[in-house]
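Enquirer: No letters, just coordinates:
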């Protein structure tokens with residue numbers, strides 16, 4: 001058996017100071033993904049930091065794939081068989097209690113007193129050497145050649161900006177009440193429809209946070225999204241409940257909308273006026289990105305089922321798909337609000353400047369296809385953000401705007417994860433197709449069919465590769481859509497994004 005690979009995560013002291021839990025995403029060079037949670041258990045009172053205990057476990061419950069990020073930890077008594085003496089010793093064990101059905105899983109062994117025989121959670125050894133913490137990589141079947149790469153390491157508990165209720169918080173924002181919806185949605189796609197139909201940006205962010213908490217805490221456990229109806233016609237029809245139906249284009253609350261290219265002048269970011277215009281444009285893009293994440297959640301059940309139209313019941317996407325895109329929606333909500341915070345520091349409210357909705361072209365023109373949506377939105381547009389964000393951050397740094405630099409760095413760090421999410425699920429969907437497709441070939445086919453113009457350099461090759469996009473994905477690739485022909489506006493939008501980020 002080949003020795004297990006160790007994947008470096010970071011310095012143990014920095015990880016312990018940041019949070020008690022971290023969400024890790026690893027990707028194998030064969031495009032296999034593994035998400036895990038890193039747990040940091042503080043040493044007993046009076047003990048040294050060397051006695052801190054570290055554990056790593058798969059990030060979802062083995063039972064029904066429920067996310068375990070916010071699961072409770074409990075200490076229980078268990079029995080440990082000591083190898084040397086072959087005696088049985090009572091020890092204190094820490095278990096993760098899944099919020100869905102309260103099954104508990106040992107952080108040490110992955111075993112459970114509640115599960116059927118043979119079901120256990122995957123656990124991974126954690127080591128600290130010279131202050132650097134590493135986790136043991138998963139063992140693939142048949143010792144598949146290749147190596148594991150750390151794609152994401154983020155604290156589970158992150159600061160989330162709370163928008164100010166003052167009158168300068170944006171159009172109509174001071175009047176909106178941030179309360180729970182009535183009635184509360186009973187499925188994740190119903191939450192998605194609610195958020196998509198919510199015009200006020202503060203309320204959109206608020207509902208996104210409530211939905212994420214409900215999904216994690218098992219107050220919402222059903223995806224929903226519709227089903228095939230074979231009764232009334234020869235061709236099956238997909239039917240949704242009204243409360244699970246997405247809108248055409250999500251409404252917006254009292255914003256001055258202009259055509260792409262007609263927003264406020266941004267310049268190179270050297271002046272305060274230019275930086276305000278750029279931050280405002282980015283806040284608008286992040287607001288649309290909230291909707292893009294929710295839209296793929298809302299349409300995902302149907303679009304995946306349409307890959308197998310003769311199957312009844314239709315195949316389903318794993319719950320991990322919805323968990324990933326819900327986390328993305330929450331990230332985009334965070335990005336929108338921390339950008340609003342920077343605008344408020346300049347005395348400007350979101351909505352004071354014109355915005356454009358070019359990104360809605362991507363939503364509208366990929367409604368029909370899950371692979372087109374993953375390719376164009378998450379592996380073209382979001383990957384383009386990886387290319388241009390470093391230059392934008394450098395311009396703000398040159399202007400001495402360190403607070404905005406910190407905000408933009410948070411956003412850029414998350415965007416790597418978002419591209420990796422698109423890559424992960426395009427690979428999964430390609431494998432589920434009949435016959436299975438090669439992900440790179442499928443991506444290039446979708447770009448040629450649904451994009452206008454070439455994917456432009458410069459490319460941020462290191463971070464694209466970190467997210468799974470090695471050169472064969474995007475080099476020498478040109479969309480064949482013509483201007484004015486359906487999705488072609490998306491190509492214009494990609495250019496506009498580059499102009500926004502690069503001045």
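Expert: Cool, got the structure. Predicted, not measured: the structure shown is a model, and the values here were computed from it. Numbers count the residues shown, from 1 in each chain.
Enquirer: going forward, measure contacts and count neighbours with C-alpha atoms only.
Expert: Fine.
Enquirer: Can you give me the distance of residue 401 to residue 440?
Expert: Counting by C-alpha to C-alpha, to the nearest Å, the gap from residue 401 to residue 440 is 40 Å.
Enquirer: repeat for residue 28
Expert: Using C-alpha to C-alpha, residue 28 is found at 16 Å from residue 440.
Enquirer: need the contact list for residue 13.
Expert: Contacts here follow C-alpha atoms under 8 Å, 6 or more residues apart in numbering; on that basis residue 13 touches residue 131.
Enquirer: so where does it fall, helix or strand?
Expert: Assigned by DSSP states H and E, residue 13 falls within helix 12-18.
Enquirer: List of residues touching the next helix or strand after that helix?
Expert: Tracing the chain C-terminally past helix 12-18 and defining elements by DSSP H and E, one meets strand 21-28 next. Surrounding strand 21-28, the residues in contact under the criterion C-alpha under 8 Å, 6+ apart are 15, 33-40, 59, 69, 146-157.
Enquirer: Low-confidence ranges, the stretch 101-250 of the chain, go.
Expert: With pLDDT under 70 as the threshold, the stretch 101-250 of the chain has low-confidence stretches at 114-118, 142-143, 157-175, 232-234.
Enquirer: Tell me which residues of stretch 133-143 come out buried.
Expert: For stretch 133-143, a neighbour-count test (16 or more other C-alpha atoms under 10 Å) marks 133-138 as buried.
Enquirer: Same list, those, but as JSON lines with secondary structure and distance to residue 204 please.
Expert: JSON lines is the format used below for the buried residues of stretch 133-143 (DSSP: H, G, I helix; E, B strand; the rest coil; distance: C-alpha to C-alpha, whole Å):
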{"residue": "133", "secondary structure": "strand", "distance to residue 204": "38"}
{"residue": "134", "secondary structure": "strand", "distance to residue 204": "38"}
{"residue": "135", "secondary structure": "strand", "distance to residue 204": "37"}
{"residue": "136", "secondary structure": "strand", "distance to residue 204": "39"}
{"residue": "137", "secondary structure": "coil", "distance to residue 204": "38"}
{"residue": "138", "secondary structure": "coil", "distance to residue 204": "38"}
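Enquirer: and those residues as a markdown table, adding distance to residue 288?
Expert: Compiled in a markdown table, the buried residues of stretch 133-143 are given as follows (distance: C-alpha to C-alpha, whole Å):
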| residue | distance to residue 288 |
| --- | --- |
| 133 | 37 |
| 134 | 37 |
| 135 | 36 |
| 136 | 38 |
| 137 | 36 |
| 138 | 36 |
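Enquirer: any idea which of the residues you listed is closest to residue 350?
Expert: residue 133 (41.4 Å; C-alpha to C-alpha).
Enquirer: model confidence over stretch 474-487, on average?
Expert: Confidence over stretch 474-487 (mean pLDDT, whole number) is 78.
Enquirer: Skipping its backbone neighbours, what lies nearest residue 431 in space?
Expert: Excluding the flanking residues, the one nearest residue 431 by C-alpha to C-alpha, 6 or more residues apart in numbering is residue 437, at 6.0 Å.
Enquirer: Could you verify my assumption that the one you found touches residue 426?
Expert: No - with contact defined as C-alpha atoms under 8 Å, residue 437 does not count as touching residue 426 (10.1 Å).
Enquirer: what secondary structure does residue 120 sit in?
Expert: Assigned state for residue 120: coil (three-state reduction, DSSP: H, G, I helix; E, B strand; the rest coil).
Enquirer: quick one: it from residue 63, how far?
Expert: Distance, residue 120 to residue 63, using C-alpha to C-alpha: 9 Å.
Enquirer: Tell me how the chain divides into domains.
Expert: When the chain is parsed into structural domains using automatic domain parsing, the resulting residue ranges are 6-155, 180-502.
Enquirer: just the ones you listed: most buried one?
Expert: When neighbours are counted by mean count of other C-alpha atoms under 10 Å, the highest per-stretch mean among the domains of the chain falls to domain 180-502, a mean of 19.
Enquirer: quick one: that one to chain centroid distance?
Expert: Relative to the centre of its chain, domain 180-502 is centred 10 Å away, using C-alpha atoms, centre = their mean, to the nearest Å.
Enquirer: ends of stretch 308-325, how far apart?
Expert: According to C-alpha to C-alpha, stretch 308-325 extends 22 Å from its N-terminal end residue to its C-terminal end residue.
Enquirer: what does that stretch rub up against?
Expert: In contact with stretch 308-325 (C-alpha under 8 Å, 6+ apart) are residues 60, 64-67, 227-228, 236, 293-294, 296-297, 300-301, 304-305, 421, 425.
Enquirer: and these, which of them are in helices?
Expert: Using DSSP state H, the subset of those located in helices is 293-294, 296-297, 300-301, 304-305, 421, 425.
Enquirer: pLDDT and distance to residue 339 added to those, as a markdown table?
Expert: Supplementary listing: the ones in helices among the contacts of stretch 308-325 in a markdown table, determined by pLDDT from 0 to 100; distance: C-alpha to C-alpha, whole Å:
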| residue | pLDDT | distance to residue 339 |
| --- | --- | --- |
| 293 | 97 | 18 |
| 294 | 98 | 20 |
| 296 | 97 | 24 |
| 297 | 98 | 24 |
| 300 | 97 | 29 |
| 301 | 96 | 32 |
| 304 | 96 | 34 |
| 305 | 94 | 37 |
| 421 | 97 | 23 |
| 425 | 98 | 28 |
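Enquirer: May I ask which two of those residues are separated the most?
Expert: Farthest apart among the ones in helices among the contacts of stretch 308-325 by C-alpha to C-alpha are 305 and 421. That separation is 20.0 Å.
Enquirer: right, and residue 236 touches residue 227 too?
Expert: No - at 9.7 Å, residue 236 and residue 227 do not qualify as touching, with contact defined as C-alpha under 8 Å.
Enquirer: tell me the phi and psi of the residue most central in space within the chain?
Expert: Among the residues of the chain, the smallest C-alpha distance to the mean C-alpha position (C-alpha atoms, centre = their mean) belongs to residue 328, namely 2.9 Å. Here the main-chain torsion angles of residue 328 (degrees, to the nearest 10) amount to phi -60, psi -40.
Enquirer: Mind pulling the model confidence for it?
Expert: What the model reports for residue 328 is a pLDDT of 97.
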